[in-house]
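**Student:** I'd like to go over a predicted model; first the sequence, then the structure.
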Amino acid sequence: MGKIIRRLLEIDLPKERSAFLWGPRKVGKSYWIANHLPKAAVIDLLKTDQFSDYATHPALLRERFQNHKGLIVIDEVQKIPALLDEVHWLIENKGCQFLLTGSSARKLKRGHANLLGGRAWRRVMVPLSIQEVDVLDLNKIIFSGLLPPHFLSPDPLEDLRAYVADYLKEEIAAEALTQNLPAFREFLRVAAITSSELLDYANVARETGVSPKVVRTYFDILEDTYLGFRIPPWKSSKNRRMILTEKFYFFDVGVANYLARRQPLAGSPEFGKSFEHYILMELRAYQTYRNPDIPITFWRTSTGVEVDFILGEKDLAIEIKSSRRVHEGDIRGLQTLAEDGKIKNRVMVSMEEEPRTVSGGIRILPWRRFLKELWGGEYI
């Protein structure tokens, strides 16, 4: 079992600025606040007494804090959207400063809540990265995932089971995001099985027993609750007919494997899929904490030639193989991509033990070496 040595999230707010902090449940937002903002006034809407006070009388926020001079944290702000009008008033009229955390933006969007019109910065917290732990055992994290309580747990399976149950109860049922929980539960399983594949709403709908329109809504729910995200196709191709369908991934490899009811063994296709998912988690963490504006896309031609990910417009093309020996056929996608446009760096991330360079300047890198270079800023 490893331990967490630090979190990469940094929020250095000037006195006149406020911020939203979004992220899935159990990612560590509340723990980060307790350890990094010990002097802040915290309103925790997961506590029933505080929720009851502010839900019945949102103006209580103004009455209690209009003369407050320090930072005010409202945890799980999406539970009472009306509080955002009071927050807006306090920012504009009293110069108050807020950090507003949440695990779901859907309720705020659906209710046309006051999102403060640019008066608050936006920050996101994601699961752990290799930069945040002392030891990272690949086999372990593919099973447990990288949510802090699961990564540190002596029994991650029980924690994953409870997490999924709590999510269905708290995020979906409590917020009435869907009335058909059995169908949504089955959708989660099918979505996890097809994670990393091209999105096919009709196929997922058949397996789930609902319409494609409902399935689209379900995927939107996962994005709005920060439990999944779509990866768009790279659109800078000049010479080839490209696939323009998006891909979908769950936010955490451990949650995805639990929902899909699989336990990937080293050397299996399921392990390869999970290895790709983990590397994407690192790319997302890098994007979130170091370069929020940099795009992550994938490249696939209509004939099926593919590169797993492209970071930046033309900065880094990444193919991922979980094998201990990369062969000539494995780099076909990276070779073909070079014919379609100039890419600064082309890398095959693998389980090989030593780095090497093959024809065309393609680098074959051990996965730890690749992540060291990524976080070291050698590509962007």
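**Tutor:** Now that the structure is in, tell me what you want to look at.

**Student:** which residues in the chain form strands?
**Tutor:** 18-22, 41-44, 71-75, 97-102, 120-124, 228-231, 247-250, 296-300, 306-311, 316-320, 345-350, 356-357, 363-366 (DSSP state E).

**Student:** quick one: distance of the last one to the chain centre.
**Tutor:** I take that to be strand 363-366. 25 Å (C-alpha atoms, centre = their mean, to the nearest Å).

**Student:** if I read this right, residue 184 contacts residue 219, doesn't it?
**Tutor:** No: the criterion here is C-beta atoms under 8 Å, and residue 184 misses it with residue 219 at 11.2 Å. For the C-beta atoms, the positions are set from N, CA and C on the backbone; glycine is no exception.

**Student:** compare those two (neighbour count), which wins?
**Tutor:** Shown here are residue 184 and residue 219; by other C-beta atoms under 10 Å, residue 184 has more neighbours (22 against 19).

**Student:** number of nearby residues for the nearest residue to residue 13 once chain neighbours are set aside?
**Tutor:** Among residues not flanking residue 13 along the chain, residue 19 sits closest, at 5.9 Å (C-beta to C-beta, 6 or more residues apart in numbering). Neighbourhood size, residue 19 [other C-beta under 10 Å]: 19.

**Student:** which residues does residue 19 contact?
**Tutor:** 11, 13, 98, 99, 100, 120, 121, 122, 123 (C-beta atoms under 8 Å, 6 or more residues apart in numbering).

**Student:** endpoints of stretch 365-380, how far apart?
**Tutor:** The straight-line separation of the ends of stretch 365-380 (C-alpha to C-alpha, to the nearest Å) is 17 Å.

**Student:** what of stretch 312-320?
**Tutor:** Start-to-end, stretch 312-320 (C-alpha to C-alpha) is 17 Å.

**Student:** next: stretch 217-235.
**Tutor:** 25 Å.

**Student:** buried set for that stretch?
**Tutor:** Neighbour-count burial for stretch 217-235 flags 218-219, 221-222, 224-229, 231, 233-234 (criterion: 16 or more other C-beta atoms under 10 Å).

**Student:** equivalent analysis for stretch 278-297, please.
**Tutor:** 278-289, 296-297.

**Student:** so residue 207 is in contact with residue 188, correct?
**Tutor:** No: between residue 207 and residue 188 there is no contact under C-beta under 8 Å: 11.5 Å.

**Student:** more neighbours: the two, which one.
**Tutor:** Per other C-beta under 10 Å, whichever of residue 207 and residue 188 has more neighbours is residue 188, with 25 against 17.

**Student:** once you drop chain neighbours, what's closest to that one?
**Tutor:** residue 259 (5.1 Å).

**Student:** ok, which stretches of the stretch 1-150 of the chain are helices?
**Tutor:** Taking DSSP state H, counting those that start in this stretch as the criterion, the stretch 1-150 of the chain carries its helices at 29-36, 48-56, 60-65, 83-94, 106-110, 138-144, 148-152.

**Student:** lowest average confidence across the ones you listed, which one?
**Tutor:** Out of the helices of the stretch 1-150 of the chain, helix 106-110 stands lowest, with a mean of 71 (criterion: mean pLDDT).

**Student:** so which of the contacts of residue 19 sits lowest on pLDDT?
**Tutor:** residue 120 (81).

**Student:** that one pairs with what?
**Tutor:** Note on residue 120: beta-bridge partners residue 18, judged by DSSP bridges.

**Student:** now do residue 95 against residue 67, distance only.
**Tutor:** The gap separating residue 95 from residue 67 is 11 Å, by C-beta to C-beta, to the nearest Å.
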